[in-house]
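[1] need a structure here:
(one chain, ligands or ions: 2)
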Amino acid sequence: MQRVKVLVVGAGVVGLSTAVCIAETLPHCSVTVVAEKFSPDTTSDGAAGILLATEFPDIPLERQRRWFKESFDHLLAIADSPQAGEAGVYLSSGYHIFKDVPCDKKPYWADLVFGFRNMTDQEMKRFPNHKFGQAFTTLKCECLSYLPWLEKRFRAAGGQILHEKVTDVHKLALNYDAIINCSGVGSRFLVHDEKVYPVRGQMLKVNAPWLKNFIRDGDGKTYIYPGMRYVSIGGTRQAGDWRMEVDKEDSEGILERCGRLEPSLRAGQVTGEWVGLRPGRANLRVEREYLPVRGRQVPLVHNYGHGGCGVTLSWGTALDALDLLRQSLYEKPPLARL
Ligand SMILES: Cc1cc2nc3c(=O)[nH]c(=O)nc-3n(C[C@H](O)[C@H](O)[C@H](O)COP(=O)(O)OP(=O)(O)OC[C@H]3O[C@@H](n4cnc5c(N)ncnc54)[C@H](O)[C@@H]3O)c2cc1C
Ligand SMILES: O=C([O-])CC(=O)C(=O)O
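    Ligands and ions are numbered 1, 2, ... in the order given. As a prediction, this is how the structure comes out:
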């Protein structure tokens, strides 16, 4: 029997997670990942990789909770295994602090991470300009390690890799039985979705190995995330901004704001600067449509638009994309390609 040919577009954390889920779960499929950029050059590679999420307004909270939980559980199992170091996945504890008390004092994922609680008055004394704070232990997944680890796992499941930019999903569908679109902000061009836009994020890499706890301020424009190789400090959230160059003023602002939160950072050495474009979208998209191609109905499953939560929700949304693919192959079994 001819194997079902599946093409995943995108090799960021969303594309590789989705490709691994499909290749490991559906042995009758032969899976190929095609991408213009691979690790270490994707947006995912620069992400701090901390697991925490903001809400998408029109997606049922239960679905978002499931995405978070499935991703957390999957990554926790890696963190608890001998693979943790190679995969770059580990537990990370710290503080989320607010200048004003937020209306919603408990995010939907509060009971999914470990030890979520309000900070004590004594802890808050470290942050005299802030009124309220939360302390918890979550996971950190560093894509500089995790993506190569996922790629290895994908190849071990028989997956294949193609390095190229694609411009037309209809043309791809001539040679494949299903297409999975995980092209992040590239979806604006690849599938002409004008609801996707860049949310530019700049951050600095600092050598300050004495820092162990993360600090995130309010809506995530200022944060300090200690990591395996460096401390990531940020940031910016510039909607609609496509600039990939480092902006000197942004860097100065980041150093100033982060130094105010954690004065010891001023003694750290800046070892790098990085810019990435988050795939912004009011609601992330995990959906299926069909492409009519020479008498065949080729499923096109979308999985993109994760904004600042791509690492956080990667495994959960990959499992949903897998389900959509499985359903389509069942409902409309692929016809022979001419
Ligand atoms: C400064 C910063 C910090 C962040 N910190 C965190 C964090 O702590 N936690 C968190 O959860 N998230 C974080 N994020 C968000 C996270 O980086 C994104 O949500 C995530 O990387 C999106 O993953 P993706 O796979 O969809 O996109 P990407 O990583 O951008 O991958 C897209 C892939 O599609 C390919 N592609 C696109 N168009 C085409 C085409 N036409 N042809 C071929 N290939 C194509 C690209 O080459 C690439 O391989 C951060 C982002 C930034 C900028
Ligand atoms: O918001 C944060 O704390 C980190 C992050 O996800 C981002 O910068 O996109």
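
[2] and the residue of the stretch 101-250 of the chain found nearest ligand 2, what pLDDT?
    Using C-beta to the nearest ligand atom, Gly220 is the residue of the stretch 101-250 of the chain that sits closest to ligand 2, at 3.1 Å. Quick note: C-beta positions are derived from backbone N, CA and C, even for glycine. For Gly220, the model assigns a pLDDT of 92.

[3] got the residues of the stretch 101-250 of the chain near ligand 2?
    201, 216, 220, 223, 234-235 (C-beta under 6 Å from any ligand atom).

[4] check which helix or strand covers the residue of the stretch 101-250 of the chain closest to ligand 2.
    Assigned by DSSP states H and E, Gly220 belongs to no helix or strand.

[5] if I read this right, it contacts Phe214, doesn't it?
    No. Gly220 lies out of contact with Phe214 (C-beta atoms under 8 Å); the separation is 11.5 Å.

[6] the more surrounded of the two?
    For the pair Gly220 and Phe214, the greater number of neighbours falls to Phe214 (23 against 18), based on other C-beta atoms under 10 Å.

[7] how many other residues sit next to Gly259?
    16.

[8] helices and strands of this protein: which one bottoms out on pLDDT?
    Within the chain, no helix or strand scores below helix 169-175, which has a mean of 94 by mean pLDDT, DSSP states H and E.

[9] what packs against it?
    Counting contacts by 3 or more C-beta pairs under 8 Å, 6 or more residues apart in numbering; DSSP states H and E, helix 169-175 packs against strand 4-9, strand 178-181, strand 285-293, strand 296-304.

[10] mind redoing it with 7 Å?
    Counting contacts by 3 or more C-beta pairs under 7 Å, 6 or more residues apart in numbering; DSSP states H and E, helix 169-175 packs against strand 178-181, strand 285-293.

[11] Contacts for it next, please.
    7, 166, 179, 190-191, 291, 293, 298, 300, 337 (C-beta atoms under 7 Å, 6 or more residues apart in numbering).

[12] Try it again at 8 Å.
    5, 7, 9, 34, 166, 179, 181, 190-191, 291, 293-294, 296, 298, 300, 337 (C-beta atoms under 8 Å, 6 or more residues apart in numbering).

[13] Could you pick out the one among these with the lowest pLDDT?
    pLDDT across the contacts of helix 169-175 is lowest for Arg337, at 74.

[14] so who does it touch?
    By C-beta under 8 Å, 6+ apart, the contact set of Arg337 is 5, 174-175, 177, 296.

[15] part of a helix, is it?
    No. Arg337 is assigned coil when assessed by DSSP: H, G, I helix; E, B strand; the rest coil, not a helix.

[16] Pick out whichever of the residues of the stretch 101-250 of the chain next to ligand 2 sits closest to ligand 1.
    Distances from ligand 1 to these, taken by C-beta to the nearest ligand atom, are shortest for Gly201, at 2.9 Å.

[17] which ones are touching whichever residue of the stretch 1-150 of the chain sits closest to ligand 2?
    Closest approach between the stretch 1-150 of the chain and ligand 2, counting by C-beta to the nearest ligand atom: Ala48, at 5.1 Å. Neighbouring residues of Ala48 by C-beta under 8 Å, 6+ apart: 140, 203, 223, 225, 227, 232, 234.

[18] Just those residues: which are in strands?
    Of the contacts of Ala48, the ones assigned to strands by DSSP state E are 140, 203, 223, 225, 232, 234.

[19] got a pLDDT number for Lys105?
    In this prediction, Lys105 carries a pLDDT score of 87.

[20] Surely it and Asn118 touch.
    Yes. Here Lys105 lies in contact with Asn118, judged by C-beta under 8 Å, at a distance of 7.5 Å.

[21] Common neighbours of those two, please.
    With C-beta under 8 Å, 6+ apart as the test, Lys105 and Asn118 both reach 132, 134.

[22] give me the number of residues near Pro263?
    Using other C-beta under 10 Å, Pro263 has 9 other residues around it.

[23] coming back round to it: which members of the residues of the stretch 101-250 of the chain next to ligand 2 define the maximum pairwise distance?
    With C-beta to C-beta as the measure, no two of those lie farther apart than Gly201 and Arg216, at 13.5 Å.

[24] Can you get me a residue count around Met176?
    Heads up, residue 176 is Tyr, not Met. Using other C-beta under 10 Å, Tyr176 has 22 other residues around it.

[25] Could I get the pLDDT score of it?
    Here, the pLDDT recorded for Tyr176 equals 97.

[26] Tell me how far it lies from Val169.
    Per C-beta to C-beta, to the nearest Å, Tyr176 is found 10 Å from Val169.

[27] go on, Val8?
    Distance from Val8 to Val169, by C-beta to C-beta: 12 Å.

[28] quick one, what contacts the nearest residue to Asp320 once chain neighbours are set aside?
    The shortest distance from Asp320 to any non-neighbouring residue, by C-beta to C-beta, 6 or more residues apart in numbering, is to Val286 (4.7 Å). Residues near Val286 by C-beta under 8 Å, 6+ apart: 301-303, 317, 320-321, 324.

[29] Of those residues, which is the nearest to ligand 2?
    Of all those, ligand 2 sits closest to Thr317, with 15.2 Å by C-beta to the nearest ligand atom.

[30] Right, I'll leave it there.
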